[in-house]
Every structure is written in structure tokens, then in C-alpha cells.
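Chemist: got a sequence here, can you model it:
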Amino acid sequence: MGKMAPSQVTSLVVTLLVAIVSLTLPSETSANYPYTSPPPPASPPYHYKSPPPPSPSPPVHYSPPKHPYHPKSPPPPVYAPPKHPYHYKSPPPPKKPYHYKSPPPPYPTPSKYSPPKEPYHYMSPPPPPKKPYHYKSPLPPSPTPPKYSPPKHPYHYKSPPPPKKPYHYKSPPPPGTKPEINVSGGILKQQSHN
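Modeler: Next comes the predicted model:
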């Protein structure tokens, strides 16, 4: 544990002293303190000028009927289908035929067979056939088909290509890099070795 500061020690001592003094002194609430003056007289009872409000009526509780309700009239009859079909003792009356006040519509006449009609013959001769159209200018020449040309051989230089000049950087390369030197003497790129 570290050493305590002097301010902390003094505050701790002061709190302990206050606690001891408060415990040793008698409390005023527990002691029988004698009053120097007599107590005040008791106040007279307060009388309301208006009558007090009426007491709330007790809640009404509806009790269920003691006996079940019996209706005075009998319940309606429940429909039950007849067991056997009903047979009339007398025959049913004959149905009278219905007479229309207006005559009935006529029946459609059946379609008669008609032979095919003969082809129509024109009375005048048909028009002469049209002459073919002749262009006044000659027809455009047909496009010439493309001629086959053999593939050309690659070009071979008679003299060797000129040597590439080495590139010189204006600023020195960053530390930790090693320049890669070409066979012809030029620097290709910087290699980083990390």
C-alpha cells in the first residue's frame, strides 16, 4: 500500500473526533427537556358552515335468480320430416291447356339446296400485258469478288536495333532498394528488399 497524504490523515482524524463527540453528548430528542412556558391551549373543534356530503350509497349487487325461468307458453315444435310420403285420396285436377292470345311465330323455312353459280365471263377482252420497264441508264457494275492474297512474311530487319539509352534518375533511389542492371548497361527497375 502507498503512503497516505497528510491532508487525508487530518480529514480522517477530524471525522473520527466528530463521531466520538456526537456519541458522547445526550441527544435532545431522547432527553426530557423542561419547557419554560406552559403549553398552548387546545384549539376548539371546527364547525363546518355547510352540511357534510352524503355518504356514498353502497354498490348494488345483482344476485342471479334462484330458480330457472320457465316460459308460460310451450316451445315451438321442432320440424321433423314425414316418415312416409303423403298420398292423396282423390286424383289431382286435370291441367287445362294454355291458349295464347296471339298466334305463334311462324316456323323458319328450311333452306333449299342451290347449285353453284357459274363463273363470271367478262364481255370485254382483258387488258394487254404490261411491257417490261427498260432503264435509260446502264445498270451499276456488279462488285468484283475479293482476290485471294497469300499471307505476308514477317519483316526481317537487315541491321540490329539501336541500343536503348539507360535512364538516369534525377533523385537518388530510396534506401533499401537495389537497382537491377540490364545486360546492355541500363537500369530496368528498382527492387525493394524488405
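Chemist: shaky segments in this protein?
Modeler: Scanning the chain for pLDDT under 70 picks out 1-5, 25-35, 64-65, 177-194.
Chemist: quick one, helices of it?
Modeler: 6-24 (DSSP state H).
Chemist: where do the strands sit along it?
Modeler: 177-181, 187-192 (DSSP state E).
Chemist: what count of nearby residues applies to Ser57?
Modeler: Residues near Ser57, counting by other C-beta atoms under 10 Å, number 6. Quick note: C-beta positions are derived from backbone N, CA and C, even for glycine.
Chemist: going forward, the N-terminal residue is numbered 218.
Modeler: OK, 218 is where the count begins now, so the last one is Ser274.
Chemist: give me phi/psi at it?
Modeler: Dihedral pair for Ser274: phi -70, psi 150, per degrees, to the nearest 10.
Chemist: can you pull the contacts of it?
Modeler: The contact partners of Ser274, by C-beta atoms under 8 Å, 6 or more residues apart in numbering, come to none.
Chemist: distance of the residue sitting furthest away from the middle of the chain from Ala259?
Modeler: For the chain, the largest distance from the centre (C-alpha atoms, centre = their mean) belongs to Thr253, which lies 83.7 Å off. The gap separating Thr253 from Ala259 is 20 Å, by C-beta to C-beta, to the nearest Å.
Chemist: same question for Ser307.
Modeler: Taking C-beta to C-beta, one finds Ser307 at 111 Å from Ala259.
Chemist: how about Lys313?
Modeler: Lys313 sits 115 Å away from Ala259, taking C-beta to C-beta as the criterion.
Chemist: same check, this time on Ser376
Modeler: 139 Å.
Chemist: ok, Lys289 next?
Modeler: With C-beta to C-beta as the criterion, Lys289 and Ala259 are 71 Å apart.
Chemist: likewise Val226?
Modeler: 57 Å.
Chemist: neighbour count for these two, which is higher?
Modeler: Per other C-beta under 10 Å, whichever of Val226 and Ala259 has more neighbours is Val226, with 11 against 6.
Chemist: quick one: contacts for that one?
Modeler: No contacts exist for Val226 under C-beta under 8 Å, 6+ apart.
Chemist: endpoints of stretch 332-348, how far apart?
Modeler: Start and end residues of stretch 332-348 are separated by 41 Å (C-alpha to C-alpha, to the nearest Å).
Chemist: same check, this time on stretch 326-333
Modeler: 21 Å.
Chemist: likewise for stretch 293-302?
Modeler: With C-alpha to C-alpha as the measure, what separates the two termini of stretch 293-302 is 24 Å.
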